[in-house]
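Novice: Here is a sequence together with a model predicted from it:
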Amino acid sequence: PYVLKWPGTYIIFIAYFTTYTLYSNVSYFNPFLIDVIGIDPDASSVYSVIRSYGAMVVAPLGGIMADKVFKSTSTWYIVAFAIAGIMWAIPFTFGPDSNVTFVCIYSILPSLVIFALYSVTYSILRELHIPAMVAGTAIGIGSVSGTLVDGVWPVLFGSWIDKFGSTGYTYIFMFLAADCILGIICAIGIGRHHKKCLEGKRVQLLKGQERPEACEW
């Protein structure tokens, strides 16, 4: 009951939804390079491997940004989502006449931001003030949003490509840019929730507790 009543549970649902949407769909750059830019499928596969696995090396950077630089995961969310949103908008200007090498290299860059963002998704739990003893349940509920991402978005995006051809990729990138806006809104909500908890304006006790668990910052 505590988990279902606590606002932080629903916020983690949205947080995972937004970060996982970016993480799981950055791969659409692969067919984009083939269908719109016109590069060889084998060459596109090389960039896809770099985009999907090589970019993982920056994952620890997300932790550094959240812990050391901004000292707040929600603030890093805002910055990373803003950068990612801009990076999803730039491909609107790409077309068959664009410099192939530049576009191929650019297609890797969003992954660097997205991996650094996705890697710290659940570190937001500390600002949501979800006690460790129910964190597993909260994470499980949040992860349910991944079912929507994996089950619905591929069908939707595929239908856009089938119906609109190359223009379908523009719609996909617009959708992902909009997801970044939702992520920023969610991060702002996290910051406000955290502030209310620290001020004692939003408190809910677990069964048997006389006071909420202390949070050190």
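Specialist: That came in fine, so what should we check first?

Novice: When you work out contacts or count neighbours from here on, use the C-alpha atoms and nothing else.
Specialist: Fine.

Novice: Can you show me the helices along the chain?
Specialist: All helices of the chain, identified by DSSP state H, fall at 2-5, 7-25, 29-32, 41-52, 59-64, 73-89, 100-106, 109-118, 125-128, 132-143, 145-151, 153-164, 167-198.

Novice: any idea which of those helices is most buried?
Specialist: Most buried of those by mean neighbour count (mean count of other C-alpha atoms under 10 Å) is helix 109-118; its value is a mean of 23.

Novice: Now that helix: average pLDDT?
Specialist: The pLDDT scores in helix 109-118 average 94.

Novice: Give me the helices and strands touching that helix, please.
Specialist: Where contact means 3 or more C-alpha pairs under 8 Å, 6 or more residues apart in numbering; DSSP states H and E, helix 109-118 is packed against helix 7-25, helix 59-64, helix 73-89.

Novice: Turn those into a markdown table, including distance to Arg126 and mean pLDDT.
Specialist: Converted to a markdown table, those look like this (distance: least, C-alpha to C-alpha, whole Å; pLDDT from 0 to 100):
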| stretch | distance to Arg126 | mean pLDDT |
| --- | --- | --- |
| helix 7-25 | 10 | 90 |
| helix 59-64 | 13 | 92 |
| helix 73-89 | 9 | 96 |
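
Novice: Which among those is found nearest to Gly142?
Specialist: helix 7-25 (3.7 Å; C-alpha to C-alpha).

Novice: and the angle for that closest one with helix 73-89?
Specialist: If you take axes from the mean of the first three to the mean of the last three C-alpha atoms, to 10 degrees, helix 7-25 sits at 30 degrees to helix 73-89.

Novice: Show me how far the helix or strand of the chain with the lowest mean pLDDT is from its chain's centre.
Specialist: Using mean pLDDT, DSSP states H and E, the weakest-scoring helix or strand in the chain turns out to be helix 2-5, at a mean of 69. In terms of C-alpha atoms, centre = their mean, to the nearest Å, the centre of helix 2-5 is found 24 Å from the chain centre.

Novice: and it, what does it pack onto?
Specialist: Using 3+ C-alpha pairs under 8 Å, 6+ apart: helix 2-5 touches helix 132-143.

Novice: Residues in contact with stretch 158-178: which ones?
Specialist: 21-22, 28, 32, 35-36, 84-86, 88-89, 91-92, 157 (C-alpha atoms under 8 Å, 6 or more residues apart in numbering).

Novice: Equivalent analysis for stretch 127-144, please.
Specialist: With contacts defined as C-alpha under 8 Å, 6+ apart, stretch 127-144 is touched by 3, 8-17, 73-74, 122, 125, 190-191, 193-194, 197, 213, 215.

Novice: got the CA coordinates for that stretch in PDB?
Specialist: In PDB, the C-alpha atoms belonging to stretch 127-144 read as follows (Å, rounded to 0.1, in the frame of the first residue of the first chain):
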ATOM      1  CA  GLU A 127      15.400  12.000  -4.500                       C
ATOM      2  CA  LEU A 128      12.100  10.300  -4.500                       C
ATOM      3  CA  HIS A 129      12.600   9.300  -0.900                       C
ATOM      4  CA  ILE A 130      11.600   5.700  -1.500                       C
ATOM      5  CA  PRO A 131      12.800   3.500   1.500                       C
ATOM      6  CA  ALA A 132      15.300   0.700   0.700                       C
ATOM      7  CA  MET A 133      12.900  -1.900   2.100                       C
ATOM      8  CA  VAL A 134      10.400  -1.200  -0.700                       C
ATOM      9  CA  ALA A 135      12.700   0.000  -3.400                       C
ATOM     10  CA  GLY A 136      12.600  -3.300  -5.200                       C
ATOM     11  CA  THR A 137       8.800  -3.100  -5.500                       C
ATOM     12  CA  ALA A 138       9.000   0.500  -6.700                       C
ATOM     13  CA  ILE A 139      11.600  -0.400  -9.300                       C
ATOM     14  CA  GLY A 140       9.500  -3.300 -10.500                       C
ATOM     15  CA  ILE A 141       6.500  -1.000 -10.900                       C
ATOM     16  CA  GLY A 142       8.600   1.500 -12.800                       C
ATOM     17  CA  SER A 143      10.000  -1.100 -15.100                       C
ATOM     18  CA  VAL A 144       6.500  -2.000 -16.300                       C
END
